[in-house]
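>>> Just a sequence and a predicted model for now, questions to come.
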Amino acid sequence: MATYINNIFNFGRSLPSPFDTIANKKIKVSSKYGDGTTSTLCGTVIKAVHAVCRCMDGSGEGAVGIIDHRTAAEYKSSVSPDAYHLVVYDSNTGTLLASVYDSNMETFENYTLNSSGRDGAAVMMALFPMLMQDDEFKENFEAYQDEVNAGYPHMDKATEYMALMCDNAYRRIKDDSCAAHIKVNVDKAGNLMRVSQTHLDSGSFTPTTVLAGEFKIFAQTGPAQIYSATETIDHADFEGQYVLNKRTFTPQETMLIPKLPEWYIIPKEVVDICKHAKATTGKSMQMRNFLLRGPAGTGKTMGAKAIAAGLGLPYMKYTCSANTEIFDFVGMIFPDSEDSTGSAQLDAERETLMQMGGINYANVSKLMKLPDLDDMDYDPAGVYMALTGVENAAATSQDCMSIVLDRVTEKVRELSRTVEDKSSSGQTYRYVETDFIKALKHGYVIEIQEPSTIVQPGVLVGLNSLLEQSGSITLPTGEVIQRHPDAVVVVTTNTSYEGCRGMNQSVLDRMSLVRDVELPSPEVMAQRAMSVTGATDEYEVSKMVQVVNDLAEYCRKNSITDGSYGMRSLIDWIISSEITGDVYESALYTIISKATADELDREALISTVLEPIFAPKRHKASA
């Protein structure tokens, strides 16, 4: 059957608002498939685009979705409150099925597509998923949607965007030699095969993916909610606005005061902590110790940095492991040896470390180019492989940290050796100050990460004196360190990692505030993920957010605790999907694979959480 193009693009029909006042339908722009001169506005395309926009922002009824190689649309007619135009399009054959449906009477009428019949807006709406596969159409639709949402502030630009969409659709449907051709079969009479009650009852036209709106007739899909954060705190109104005491910092200290990335949405928990720290300054019981507790990937470390930014204080961190000892917090004594180690390389490394500020864990780790906690959290199996050369898919960040600690300790021992041992009377020693001691002594924000992983329960208890407001501790050198009144301790700990233990009660008792941090709200997750990844499809990102939240809830209810899920997994999923072009496939190797190592649990997550929202693509059988 040949395509009778005039039935689909009837340029004689009047244009809908806001283009109804335009005197000339021809606009001086051209799509990449056009003749390079002008494009003609088409009422059919305009009405279809407006219908999709209304579905996306929830201001109108109707829906468009994908079945397999077929697409379906429910176009809400303005004739009556119960009138819908139902259309199913088959991209393989170009076949169209359509009916005019009364949802109250449950009756069907023929849908005739010609100059005296229907204008084809419902048909164009069903073609929308195919139209959006072209970058030019997609970019102009998104730009036009922004104009619609803003109330058409630039009508000239909006007109150009719409004209380009009209020309793009016209050229791709009309010209079967076009690289992006869309096959559509409509005869001269414009009669289309009907969508029947049998079709609806059988569920054969039930969409597996909803692109916009809420299906009510082909299926009961429920609305596809688009999340956008409605209330955010401007960084300028937060950073440095909760200064505890007026102080002057050195250039080196100033560099340690965090600058929040533009995409970061400041959580309420962070603001509350800053307010409490500021409001209690100068009082007998200042609030200076805080605990952020919650599942992995909920932004606790970023929250600790944000606290430092709000207070205008330098930020440091100490990461605990199962083998952490008390001296790891308070520092260690090393031989103050100017003699050669006997190795030119070690002597050069020792000199480099002294220029970096001393032989401490952080500097030695940097010198050895060992992975940090972010690397271990992001890809523990990959880091473990890089460190050991042994493949271990079940490796945890704690496993990696243990290896790193052992290597740093051994390197420190090598750096402390000399060629000839000196007598005890002639040997001098150097105390190496830790970031923990430095932060408490000088009044910085110090984050203590994962103290619940420490095997020996008395390690943190031994620091209780420093957790007191006017606390002090005696260093290995005999020096007594007093805690600075501005020093803030932020303890961050996961509740979902295996190997994590409960916090000691005496330590908990010294926390001024304990905030349980859950995954951000869906609105914040969507906005943050789009800002980080550069993704622009709000609808798809919102559905991905829904999957991540459903997955987290399923894992909690079913006691699946051997994996992680949250913002990191969501961001990885979005980035992978842009690379593969397959949201479902990318989900298997990002959010699903990270959630658990148990095969049966992964299968349950796929069938229960993933597939109801993102169905797998159906691949054509090879000839």
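Thanks, I have the structure now.
>>> Name the residues of the helix or strand where C400 lies that are buried.
Assigned by DSSP states H and E, C400 falls within helix 397-416. For helix 397-416, burial by neighbour count (16 or more other CB atoms under 10 Å) applies to 397-401, 403-405, 408, 411-412, 415-416. Where C-beta positions appear, they are placed from N, C-alpha and C, glycine not excepted.
>>> Stretch 156-164 too?
Across stretch 156-164, burial judged by 16+ other CB under 10 Å covers 158-164.
>>> again, but for stretch 566-586
So stretch 566-586, judged by 16+ other CB under 10 Å, has buried residues 566-577, 583-584, 586.
>>> Could you do stretch 33-47 as well?
Within stretch 33-47, judged by 16+ other CB under 10 Å, the buried ones are 33-34, 39-47.
>>> In helices, which of these fall?
43-47 (DSSP state H).
>>> can you pull the contacts of C320?
By CB atoms under 8 Å, 6 or more residues apart in numbering, the contact list for C320 reads 448-451, 453-454.
>>> residues contacting the closest residue to A587 other than its chain neighbours?
Nearest non-adjacent residue to A587, counting by CB to CB, 6 or more residues apart in numbering: L610, 5.5 Å away. By CB under 8 Å, 6+ apart, the residues touching L610 are 547, 551, 584, 587, 591-592.
>>> May I see the buried residues of stretch 33-47 arranged in JSON lines, with distance to M376 as well?
JSON lines is the format used below for the buried residues of stretch 33-47 (distance: CB to CB, whole Å):
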{"residue": "Y33", "distance to M376": "50"}
{"residue": "G34", "distance to M376": "53"}
{"residue": "S39", "distance to M376": "54"}
{"residue": "T40", "distance to M376": "59"}
{"residue": "L41", "distance to M376": "56"}
{"residue": "C42", "distance to M376": "56"}
{"residue": "G43", "distance to M376": "58"}
{"residue": "T44", "distance to M376": "56"}
{"residue": "V45", "distance to M376": "52"}
{"residue": "I46", "distance to M376": "53"}
{"residue": "K47", "distance to M376": "54"}
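>>> Reformat the residues you listed into TSV and put pLDDT next to each item.
Putting the buried residues of stretch 33-47 into TSV (pLDDT from 0 to 100) gives the following:
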residue	pLDDT
Y33	92
G34	90
S39	93
T40	93
L41	94
C42	94
G43	93
T44	94
V45	95
I46	96
K47	95
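>>> From the buried residues of helix 397-416, pick the one nearest N10.
S397 (62.4 Å; CB to CB).
>>> Would you confirm that that closest one contacts M376?
Yes - using CB atoms under 8 Å, S397 is in contact with M376, at 3.8 Å.
>>> what is in contact with these two at once?
V383.
>>> Can you tell me the closest non-neighbouring residue to L588?
I606 (7.3 Å).
>>> So what's the residue count around the one you found?
16 (other CB atoms under 10 Å).
>>> Just the ones in helices from the buried residues of stretch 156-164, please.
158-164.
>>> What's the PyMOL line that selects buried ones from the contacts of C320?
Buried subset of the contacts of C320, written as a PyMOL selection, criterion 16+ other CB under 10 Å:
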select buried, resi 448+449+450+451+453+454
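>>> Closest to I22 out of the contacts of C320?
Q449 (61.0 Å).
>>> Contact partners for that closest one?
Counting by CB under 8 Å, 6+ apart, Q449 touches 301, 317-320, 373, 492-493.
>>> Could I get the residues you listed in CSV, plus columns for secondary structure?
Shown next, in CSV, are those (DSSP: H, G, I helix; E, B strand; the rest coil):
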residue, secondary structure
T301, helix
K317, strand
Y318, strand
T319, strand
C320, coil
L373, helix
T492, strand
T493, strand
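>>> What is the lowest-pLDDT residue among the residues you listed?
Comparing pLDDT over these, L373 scores lowest. The value there is 64.
>>> list the contacts for the nearest residue to V45 once chain neighbours are set aside?
Nearest residue to V45, sequence neighbours excluded (CB to CB, 6+ apart): C166, at 4.6 Å. Counting by CB under 8 Å, 6+ apart, C166 makes contact with 39-42, 45-46.
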